[in-house]
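**Q** compute the structure for the input listed below.
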Amino acid sequence: MTTEARGDAAERGAWLPGGSTRVFGILGWPVAHSLSPAMQSAVLRHLGADAVYVAFPVQPGDVAAGASSDPLLGRP
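**A** Down below sits the predicted model:
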């Protein structure tokens, strides 16, 4: 995303992640139903933090691998 596009989004009041955005999350299975990402991300936005909170689906038995960023990002 270009700096110009990020600036346009900011003018509209939208927040967009960038290269310095910190990522926080919850690991679980199932986790898609969790309200935590919406609630925590709302707090981060309210505080003006350049951060996002997301749900990472990690099946039982895969927690050790899931704690690594590569599987969470879809990389082997």
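
**Q** every contact and neighbour count from this point should use C-alpha atoms.
**A** Noted.

**Q** for the chain, which helix extends over the most residues?
**A** Longest helix in the chain, counting residues (DSSP state H): helix 36-46.

**Q** in it, what's buried?
**A** 36-37, 40-41 (16 or more other CA atoms under 10 Å).

**Q** next secondary structure after that helix?
**A** strand 51-57 (DSSP states H and E).

**Q** so where's this structure uncertain?
**A** In the predicted model of the chain, residues 1-12, 66, 69-76 satisfy pLDDT under 70.

**Q** how much space between Pro17 and Trp29?
**A** Here Pro17 is placed at a distance of 25 Å from Trp29 (CA to CA, to the nearest Å).

**Q** typed the wrong thing, it's Val23
**A** 19 Å.

**Q** looking at the two, which is more packed in?
**A** Neighbours per residue (other CA atoms under 10 Å) separate Val23 from Trp29, with Trp29 holding more: 14 against 11.

**Q** out of everything not next to it in sequence, what's closest to Gln59?
**A** Distance criterion CA to CA, 6 or more residues apart in numbering; nearest residue to Gln59, sequence neighbours excluded, is Trp29 at 5.2 Å.

**Q** now do the one you found against Gly13, distance only.
**A** 33 Å.

**Q** same thing with Val63?
**A** 36 Å.

**Q** more neighbours: which of the two?
**A** Applying other CA under 10 Å to Val63 and Gly13 shows that Val63 carries more neighbours, namely 14 against 9.

**Q** which residues touch the closest residue to the more buried one other than its chain neighbours?
**A** Leaving aside its sequence neighbours, Val63 sits nearest to Leu27 (CA to CA, 6+ apart; 7.9 Å). Counting by CA atoms under 8 Å, 6 or more residues apart in numbering, Leu27 touches 55-58, 63, 66.

**Q** understood, closing this out.
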